[in-house]
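Peer 1: Okay, predicted coordinates and the sequence, questions at the end:
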Amino acid sequence: MADIAKRFAGNPILRPQDVKPSFDGLDVVCLLNPGAFRFQGKTWLLLRVAERPQQKDHIISTPILDPIAAHGMSILEVSLDDPALISEEPRSFRHKGQLYLTALSHLRLASSEDGSTFQVEEVPTLLGHGKLEAFGIEDCRVSEIEGVFYLTYAAVSPYGVGVAMISTSSWRQFTHHGMILPPTNKDAALFPAKIGDSYSILHRPSSIGLGGNFIWLSRSPDLIHWGEHDCIATTRPGWWDSARIGAGAAPIRIPEGWLEIYHGANEENRYCLGALLLDADDPTKVLARSAQPIMEPLMDYEKTGFFGNVVFSNGMIVAGDEITLYYGAADEVICGATLSIKEILHSLEE
C-alpha cells in the first residue's frame with residue numbers, strides 16, 4: 001500500500017506571494033516545512049520563510065543578519081566579475097573565503113479558523129539570534145509539554161547546522177535556550193510527555209564516511225542536557241528511504257505505542273513520508289516501519305518547484321483517528337493532507 005494521504009482540494013494553501021517580505025528590496029522565494037499547533041481555538045503554522053534580495057544584472061546578493069541595521073538585516077552585493085567570488089551552485093557562494101547562502105530563512109506565524117485558510121502575519125516572528133544562527137533558522141518542530149510550547153529548529157551558521165530551542169507560553173514572548181545539539185544535527189522532534197523520569201527527543205546527526213543520515217533518540221532530565229544516545233533507525237539500501245531519513249513532527253502517543261511520521265529520501269533526492277511505531281515505554285525499540293511510503297510526491301505542485309519531487313512535513317494536528325498534516329511541497333509551497341492513524345498502522349510491517 002502506497003500513498004494513503006488525502007490532499008486538500010485547495011492545495012497549495014500558501015505560496016510565496018501570500019507572504020509579505022520582511023522589508024522592501026527582498027523577495028520571498030520559498031515557503032517550507034511548517035511546525036503546527038493549536039492555540040486559543042485556532043490552528044497555527046510556524047512557517048519557514050526563505051527570502052533573498054531582488055536580483056540585479058551582473059550582481060549576486062544575499063541578506064545578512066545585522067543587529068545594527070534598521071530591520072535586523074543588511075544586503076551584501078558582489079559583482080559577478082569579482083575575482084574573489086566563487087559561485088558554483090544556486091544556494092550558496094563564497095566571497096573572500098567566506099561562505100554565504102543566497103537566501104536567508106526566518107520563522108513566521110500564520111493562523112486559521114478552519115485549518116485550511118491561513119492568515120500570515122506581516123512581520124517575522126523569529127529571526128536568527130547570535131553567531132550560531134547567522135545564516136538563519138529553519139524547519140521548526142513544535143511540541144507542547146505541560147502547557148509550554150517548545151520549538152526545536154535548525155540553527156544555521158558558518159560553523160554548521162545544529163539544533164537550537166526556544167520556549168513560549170504566549171507566542172509573543174520567547175525564551176531562547178541556545179543550541180542543545182551541536183553540528184552537524186537537525187530534524188529534532190521532542191516527545192510531548194516524559195517517558196519515565198526523562199524527556200526524549202528524536203534527532204538526526206549526520207556522518208561522513210562511517211554511519212550516515214539516521215534517526216537517533218536521546219534523553220534528558222531538563223530538556224537542555226542530552227545523553228543516553230541511541231540510533232534507532234537507519235537508511236535502507238535499495239528502498240525509498242535509502243539515502244537519508246529524519247524525524248517529522250513530535251511523535252503521537254497511541255494505544256500501540258508512539259507513532260512517528262518521518263521523511264526519507266533516495267539517491268535521486270526524492271523525498272517521501274513513512275512511519276515508525278515505537279515501544280511506549282522504551283522508544284528506542286522500533287516495533288514496525290513503513291515498507292512503502294505513506295505519502296510520496298505525485299501532484300504537479302509536489303513534483304515541480306524550487307526543488308522538485310519533495311513532500312516534507314514537520315507539523316501536524318491530531319484529532320481522534322485523523323492526522324491533519326501540513327507539509328512543504330517541492331521546497332516552494334505549503335500544502336495540507338489528512339491521514340488515518342488506523343490506515344497507517346495497517347500499512348506498517350513488523
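Peer 2: Great, that's in hand. Numbering: from 1, shown residues only.

Peer 1: hang on, E144 packs against A193?
Peer 2: No: the pair E144 / A193 is not scored as a contact, 9.7 Å apart, by Cβ atoms under 8 Å. Just so you know, the C-beta spots here come from the backbone N, C-alpha and C atoms, and that holds for glycine as well.

Peer 1: tell me the contacts of the closest residue to A291 other than its chain neighbours?
Peer 2: Excluding its sequence neighbours, the residue lying closest to A291 (Cβ to Cβ, 6 or more residues apart in numbering) is E349, at 4.7 Å. Shown in contact with E349 (Cβ atoms under 8 Å, 6 or more residues apart in numbering): 288-291.

Peer 1: repeat for E77
Peer 2: 53, 56, 59-61.

Peer 1: and the helix or strand that contains it, how far from the chain's centre?
Peer 2: If you go by DSSP states H and E, E77 is part of strand 73-79. Relative to the chain's own centre, strand 73-79 is displaced by 27 Å; criterion: Cα atoms, centre = their mean, to the nearest Å.

Peer 1: Give the other helices and strands that the next helix or strand after it contacts.
Peer 2: Using DSSP H and E, the helix or strand that follows strand 73-79 in sequence is strand 85-89. Packing partners of strand 85-89 (3 or more Cβ pairs under 8 Å, 6 or more residues apart in numbering; DSSP states H and E): strand 92-95.

Peer 1: Give me the mean pLDDT for the strand it packs on.
Peer 2: In this model, strand 92-95 has a mean pLDDT of 92.

Peer 1: Where do the helices of the stretch 201-350 of the chain begin and end?
Peer 2: 300-303, 341-347 (DSSP state H, counting those that start in this stretch).

Peer 1: Which one of those helices lies nearest to R7?
Peer 2: Taking Cβ to Cβ, helix 300-303 is the member of the helices of the stretch 201-350 of the chain nearest to R7, at 8.9 Å.

Peer 1: circling back to that earlier point, output the contacts of E349 in a markdown table, with neighbour count and distance to V311 appended to each entry.
Peer 2: Below are the contacts of E349 laid out as a markdown table (neighbours: other Cβ atoms under 10 Å; distance: Cβ to Cβ, whole Å):
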| residue | neighbour count | distance to V311 |
| --- | --- | --- |
| A288 | 18 | 21 |
| R289 | 18 | 18 |
| S290 | 25 | 14 |
| A291 | 14 | 18 |
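
Peer 1: Quick check, N314 in contact with G248.
Peer 2: Yes: using Cβ under 8 Å, N314 is in contact with G248, at 5.1 Å.

Peer 1: And the pLDDT at A233?
Peer 2: So, for A233, pLDDT stands at 98.

Peer 1: That one: neighbour count?
Peer 2: 24 (other Cβ atoms under 10 Å).

Peer 1: measure P53 to P21 for me?
Peer 2: 10 Å (Cβ to Cβ, to the nearest Å).

Peer 1: same thing with G115?
Peer 2: Counting by Cβ to Cβ - G115 and P21 are separated by 26 Å.

Peer 1: What of K342?
Peer 2: 43 Å.

Peer 1: next one: C335
Peer 2: 22 Å.

Peer 1: Tell me which of those two has more neighbours.
Peer 2: Legend: neighbour count by other Cβ under 10 Å for C335 and P21, higher for C335 (23 against 18).

Peer 1: Hmm, the more buried one is touching Y327, no?
Peer 2: Yes: using Cβ under 8 Å, C335 is in contact with Y327, at 5.6 Å.

Peer 1: related to what we said a few turns ago, common neighbours of E144 and A193, please.
Peer 2: Residues touching both E144 and A193 (Cβ under 8 Å, 6+ apart): none.

Peer 1: Buried residues in stretch 117-126, which are they?
Peer 2: 118, 120, 124-126 (16 or more other Cβ atoms under 10 Å).

Peer 1: As a markdown table, those residues with pLDDT and distance to S242 would be great.
Peer 2: Converted to a markdown table, the buried residues of stretch 117-126 look like this (pLDDT from 0 to 100; distance: Cβ to Cβ, whole Å):
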| residue | pLDDT | distance to S242 |
| --- | --- | --- |
| F118 | 98 | 34 |
| V120 | 98 | 36 |
| P124 | 95 | 36 |
| T125 | 97 | 36 |
| L126 | 97 | 34 |
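
Peer 1: Identify the residue spatially nearest to G212, adjacent ones excluded.
Peer 2: T235 (5.5 Å).

Peer 1: so what's the one you found up against?
Peer 2: Contacts of T235 by Cβ under 8 Å, 6+ apart are 212-214, 241-245, 264.

Peer 1: Could you do D66 as well?
Peer 2: Applying Cβ under 8 Å, 6+ apart, the residues near D66 are 72-74.

Peer 1: Now do it, the pLDDT please.
Peer 2: Looking at D66, the pLDDT reads 81.

Peer 1: likewise L210?
Peer 2: Model confidence at L210, given as pLDDT, is 87.

Peer 1: And M1, by the same measure?
Peer 2: pLDDT, M1: 51.

Peer 1: tell me the contacts of Y271?
Peer 2: 263-265, 297, 309-312 are the contacts of Y271 under Cβ under 8 Å, 6+ apart.
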